Structures are given as structure tokens and as C-alpha cells.
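Colleague: 3D model of this:
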Amino acid sequence: MGSKTSTHFGFTEVDEAEKAQRVAGVFDSVAPNYDLMNDVMSGGLHRLWKAFAVRQANVRAGMKVLDIAGGTGDLAGAFAKQAGATGEVWLTDVNASMLAQGRDNMLDRGLMIPLAQCDAERLPFSSGYFDIATVAFGLRNMTRKDVALADMQRVLKPGGRLLVLEFSRVWAAIAPIYDAYSFNVLPWLGEKIAGDAESYRYLAESVRMHPPQDELAEMMEHAGFDSVQWFNLTAGVCALHVGTKY
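Modeller: Numbering: from 1, shown residues only. Below is the predicted model:
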């Protein structure tokens, strides 16, 4: 009998296959209130973090851009406007509920871009196709981050860049306050606004299980990215990592 491989779902140890199912359940639950909860949870800061990522991406007309785990489409929408009619921007997500929200948001903004429901570990795109790939607040939910990063590297052109925007390790001085907010206030807000405390408790736990800034940079280097740098945002609550394909 083959042994099953375990991983973490928040603070709970689970089989890899089970994690994918549990994460899907979380995002099926939070999808209808995802944008509202992001605004409430972060005090609107997530919009500034994403705007910073968009500026760092520096997408130009005609570029091909892949937004992975793109959710409700904040980044993809911004990139579509920058890439223009000659560019190509894909919005992808493994979760159908989140992708449907993203599609609706794009249509509400008058944007029609291609979408694909796909797993970041097995991207359905040709090697060397994209100029830019991004993943915002999605990497920490992936079961095998190293495999996903390697496939993101595969679909980029030589010299193409990957941008990873993710919750990260906060400065030690504010960690007690941040923990109190994450494990007490955040689930309470989830219950009051979305009727789901447990999903937001998982989201808080998943942040603590995500690699800190230096470890994620090393993972990106091992996946084939060079000149990896990161920017701490809001005292390390969030960080943007940027790497260039060899």
C-alpha cells in the first residue's frame, strides 16, 4: 500500500487530496462576500497593496499576462486596460465560484477577457508564452507551492517576471496585536458579515503556515527565478515578491 502525503490545512494536518477539497469549500463559501470582506478585514489596504503590485508589474501594450488564482479579478482587470487591444490577459482560478465572481466583475467593468478554471500546479498553457505572471493572495492556499512555482516559471518567456503578492510575516513589534486581530476579530467579522467564522479562521491560520519572506524568495530561486526581491507592505502584513525567469 502506498503512503499518503500529508500537508497542512491551516493548523490541521491533512492528506494532500483532502486539502484541495477543504480549500475549495472555503472559497465556495466566501466567494459571494469576498470583495466586501477584503475591504472590511484590511480597512481597504488590500486595494493599495494590489495597486503597488500593478505598478511593479509595469504591464505595457501588447504584453501577455497570466493572473493565477485571480479570484474576483482586481489585478486582471487592471492589466487588461494596460495591455490594451493588442495584449492578452488571462484570469484563472481553481475555484469555479471565485472565477464566476471574477467574470461578473469583468463584465460589470466592460471588460471581456479569457478565463480558465485550472490548477496552478498544472497550468494549461504553452511553455514560454507569457511576459508576466501574477498570483495575489493565492499561493498560500496551494498544496504543493514548489510545484506551482515551477509551472509558473515554465509558462513564462525567458526574462519574464513572476509577482507574488501574499500575506507574510509581520514585524515582531506588532505581532501580538496582529495575532489578536486575526484570531478573534477576523472570525467574528466572518460570522457577522458572511455567516462563516470557520472559513476566516482558516484564512488566519493559513497566513501563519505560509513561508516568511526569505524562505519564499528561496523557493522562487529554486523554481528557476533570478534576482528575486521582496517589498514589505504595512509592516510585513503583506509582501510582494518579484522574480525574473532565467
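Colleague: Show me where the protein has its strands.
Modeller: Counting by DSSP state E, the chain has strands at residues 6-9, 12-15, 64-68, 88-93, 115-117, 130-136, 156-167, 225-233, 238-245.
Colleague: Just put the ones you listed in CSV and tack on mean neighbour count, mean pLDDT and distance to A197.
Modeller: C-beta: built from backbone N, CA, C; applies to glycine. Below are those laid out as CSV (neighbours: other Cβ atoms under 10 Å; pLDDT from 0 to 100; distance: least, Cβ to Cβ, whole Å):
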stretch, mean neighbour count, mean pLDDT, distance to A197
strand 6-9, 17, 80, 16
strand 12-15, 14, 81, 16
strand 64-68, 26, 98, 28
strand 88-93, 26, 98, 24
strand 115-117, 16, 97, 28
strand 130-136, 25, 98, 24
strand 156-167, 21, 98, 19
strand 225-233, 16, 97, 27
strand 238-245, 22, 98, 23
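Colleague: a markdown table for those strands, including distance to R103?
Modeller: Output for the strands of the chain, formatted as a markdown table (distance: least, Cβ to Cβ, whole Å):
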| stretch | distance to R103 |
| --- | --- |
| strand 6-9 | 27 |
| strand 12-15 | 30 |
| strand 64-68 | 13 |
| strand 88-93 | 8 |
| strand 115-117 | 6 |
| strand 130-136 | 17 |
| strand 156-167 | 21 |
| strand 225-233 | 28 |
| strand 238-245 | 26 |
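Colleague: which residues in the protein form helices?
Modeller: With DSSP state H as the definition, the chain shows helices at residue ranges 16-30, 34-42, 45-57, 74-83, 96-108, 145-155, 175-180, 186-189, 197-209, 213-222.
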